[in-house]
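Enquirer: structure, please.
(one chain, ligands or ions: 1)
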Amino acid sequence: MPADLRPVHIPVMPREVLQWLQLSPGLTVLDGTVGAGGHSSLILKALGPAGRLIGVDRDPMMLNFAAAKLSGVNCLLSRGSYLEAAEILRSNGLEKVDRVLLDLGLSSDQLADRDRGFGFDAGGPLDMRFHPHEGRSAAQFLQQSTQAELQEVLETWGEEPAARRIAAEVHRRLQTGGAVETTADLQSCVAAVCGDLRSSSGRTALTRVFQALRIRVNEELEHADRMLTQVLPQILNTDGIAVVISFHSLEDRIVKNAFKGNHGWQVLTKTPIEAQPAEVRLNPRSRSAKLRAARWQPQP
Ligand SMILES: C[S@@+](CC[C@H](N)C(=O)[O-])C[C@H]1O[C@@H](n2cnc3c(N)ncnc32)[C@H](O)[C@@H]1O
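Expert: A predicted model of the protein is given here:
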């Protein structure tokens, strides 16, 4: 990490996360999306020296940020998907944990990094992978997918009304020798269909298109669903608590359905918890956050 690169991400709903995790000294906690370590540093304080935190992130850059912020013999950091949590715990001599935090989606640090292509304002190559060498970049996905596939991605994960026309424009460019390799290239495809990108409708369209591609490239919703339905029941101790923060309705639906769909969960949050207006003023990213918590109590 360059010395002048400082994380800018502000953890969302920090007070609520601590409250719903119901932490006490000595517990073992998995932060499956450790990011720059904002939530984890608060969790570590609440756990005291007898507690233990395992922090996981798919992105090596974010794990570097976390390593710079978090320290102590009771803090273990590992690069990988939270889907690999059972193996990561085993390789650290652990089997189960008492608490799990998942703060889904991407960090403001990833969004701001010009080399990653997550943010339409940041510029740079159209990559969008959480791990820079895993799987296909967004540009490769655009090149290799059919127009119908792209339209489906924009409809399903972006809920973009102009999905058909934007997919057609991307394919027209690719087939006429044009490139869609940078965030600016993709912006100009959206502009050709939606008009002025400085207008609020133009920015909304860009947000939806970039979100849809990022979700597809990283298979984010599949990961979240498998984590909640398959991995958490394996790695949570009885009476353990999972707290999950999501940032859009598709993600929140997955969390809600996973907690409802297994009788082992006792849902603690009847309706999702949202950030207080004072937090939204300070951290606009918290506006769309929804927090759900559930206790794992499998029937014997
Ligand atoms: C919203 S940020 C987390 C911020 C963190 N809570 C903090 O306070 O700094 C989401 C993080 O999850 C990571 N991530 C996304 N999908 C993941 C996955 N399947 N496994 C592990 N980490 C993932 C991203 O790389 C990103 O760093």
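Enquirer: helix, strand or coil for Val280?
Expert: Following DSSP: H, G, I helix; E, B strand; the rest coil, the label given to Val280 is helix.
Enquirer: ignoring the adjacent residues along the chain, who's closest to it?
Expert: Arg287 (4.8 Å; C-beta to C-beta, 6 or more residues apart in numbering). Where C-beta positions appear, they are placed from N, C-alpha and C, glycine not excepted.
Enquirer: number of nearby residues for the one you found?
Expert: Arg287 is flanked by 14 other residues according to other C-beta atoms under 10 Å.
Enquirer: look up phi and psi at the residue in the stretch 151-300 of the chain positioned nearest to the ligand.
Expert: Closest to the ligand within the stretch 151-300 of the chain is His223: 4.1 Å, counting by C-beta to the nearest ligand atom. Phi and psi for His223, reported as degrees, to the nearest 10, are phi -60, psi -50.
Enquirer: and the closest residue to Ile10 other than its chain neighbours, what pLDDT?
Expert: Counting by C-beta to C-beta, 6+ apart, the nearest residue to Ile10 once its immediate chain neighbours are dropped is Asn283, at 4.6 Å. In this model, Asn283 is scored at 93, pLDDT.
Enquirer: how about the one 3 residues further on?
Expert: Residue-level confidence at Ser286 comes out at 95, pLDDT.
Enquirer: what is the burial count for the spatially closest residue to it that is not a sequence neighbour?
Expert: Distance criterion C-beta to C-beta, 6+ apart; nearest residue to Ser286, sequence neighbours excluded, is Ala275 at 3.8 Å. If you count neighbours by other C-beta under 10 Å, Ala275 ends up with 23.
Enquirer: mind checking the longest strand of the protein?
Expert: strand 236-246 (DSSP state E).
Enquirer: buried residues in it, which are they?
Expert: Leu236, Gly240, Ile241, Ala242, Val243, Val244, Ile245, Ser246 (16 or more other C-beta atoms under 10 Å).
Enquirer: tell me which two of these sit farthest apart.
Expert: Spatial extent of these (C-beta to C-beta) is set by the pair Gly240 and Ser246 at 19.7 Å.
Enquirer: how close does the most centrally placed residue in the chain get to Leu89?
Expert: With distances taken as C-alpha atoms, centre = their mean, the residue of the chain nearest its centroid is Gly105 (1.7 Å). Gly105 is 23 Å from Leu89, where distance means C-beta to C-beta, to the nearest Å.
Enquirer: ok, now His223?
Expert: 17 Å.
Enquirer: dihedrals phi and psi, Arg287?
Expert: According to degrees, to the nearest 10, Arg287 has phi -60, psi -40.
Enquirer: verify the contact between it and Glu279 for me.
Expert: No - counting by C-beta atoms under 8 Å, Arg287 stays clear of Glu279, with 9.0 Å between them.
Enquirer: got a list of what Glu87 touches?
Expert: Residues in contact with Glu87 (C-beta atoms under 8 Å, 6 or more residues apart in numbering): none are found.
Enquirer: how does it look with 10 Å?
Expert: Ser78, Gly80 (C-beta atoms under 10 Å, 6 or more residues apart in numbering).
Enquirer: same check on the one 4 residues further on?
Expert: When contacts are counted by C-beta under 10 Å, 6+ apart, Ser91 touches Leu76, Ser78, Glu84.
Enquirer: which parts of the stretch 51-200 of the chain sit against the ligand?
Expert: Neighbours of the ligand within the stretch 51-200 of the chain, by C-beta under 6 Å from any ligand atom: Val56, Asp57, Arg58, Asp59, Met62, Ser81, Tyr82, Asp103, Gly105, Leu106, Ser107, Phe130.
Enquirer: take those and lay them out in TSV including secondary structure.
Expert: Converted to TSV, those look like this (three-state DSSP):
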residue	secondary structure
Val56	strand
Asp57	strand
Arg58	coil
Asp59	coil
Met62	helix
Ser81	coil
Tyr82	helix
Asp103	strand
Gly105	coil
Leu106	coil
Ser107	coil
Phe130	coil
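Enquirer: got the contact list for the residue lying closest to Pro11 once chain neighbours are set aside?
Expert: Among residues not flanking Pro11 along the chain, Gly38 sits closest, at 3.3 Å (C-beta to C-beta, 6+ apart). Residues near Gly38 by C-beta under 10 Å, 6+ apart: 7, 9-12, 14, 17, 31, 65-66, 69-70, 103, 107.
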